[in-house]
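*Asks:* compute the structure for the input listed below.
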Amino acid sequence: MKKIISTSEAPGAIGPYSQAVRSGSFLFCSGQIPLDPKSGQIVPGDIAAQTRRVLDNIAAVLKTEALTFDHVVKTTIFLTNLADFQTVNEIYGSCFKHDPPARSTVQVAALPKGANVEIEVVAIAEKDGQTAYDTSG
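*Replies:* Numbering: from 1, shown residues only. The predicted structure follows:
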């Protein structure tokens with residue numbers, strides 16, 4: 001059973017995928033790039049500005065299911081330049097102050113729309129006893 005998650009507070013999907021999918025206690029969030037949800041454009045600025053926007057987008061998707069960064073159990077960070085790792089890591093760390101999730105970070109040749117960073121997360125609602133139910137009929 002799966003429940004498609006969507007919010008206007010984060011950028012809409014730019015392809016045949018969902019912003020997130022809930023299955024049981026798990027929320028699988030598609031990778032977020034630094035798109036402004038209103039304009040659909042990459043936010044201006046350096047890697048710090050792009051990373052903040054990505055994390056804001058993730059927070060918006062999590063919030064749709066009443067979750068926070070505390071519910072995230074796994075992340076994957078994609079960077080077009082590993083030299084940006086320290087800056088991204090500092091901003092990322094501000095969201096995961098206690099019991100950070102498991103994480104992978106990889107350098108990639110390119111990201112959609114010329115983004116420099118993309119982050120995907122898996123969250124679990126189990127600690128609050130929440131479970132997804134199919135309400136589509």
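*Asks:* and what about the spatially most central residue of the chain, helix, strand or coil?
*Replies:* The centre of the chain sits closest to residue 58, judged by Cα atoms, centre = their mean, with a distance of 3.6 Å. Here residue 58 is helix, with the state taken from DSSP: H, G, I helix; E, B strand; the rest coil.
*Asks:* and the nearest residue to it once chain neighbours are set aside, what are its bridge partners?
*Replies:* Spatially, and ignoring its direct neighbours in sequence, residue 58 is nearest to residue 32 (5.3 Å; Cβ to Cβ, 6 or more residues apart in numbering). (Each C-beta comes from the backbone N, C-alpha and C, glycine too.) Assessed by DSSP bridges, residue 32 has beta-bridge partners residue 119.
*Asks:* need the contact list for residue 32.
*Replies:* By Cβ atoms under 8 Å, 6 or more residues apart in numbering, residue 32 lies in contact with 10-11, 54, 57-58, 61, 118-120.
*Asks:* so residue 91, which of the three states?
*Replies:* Assigned with three-state DSSP, residue 91 falls in the helix class.
*Asks:* and it, how many residues sit next to it?
*Replies:* Using other Cβ atoms under 10 Å, the number of residues around residue 91 comes to 17.
*Asks:* tell me who's in contact with it.
*Replies:* Residue 91 touches 48, 51-52, 55, counting by Cβ under 8 Å, 6+ apart.
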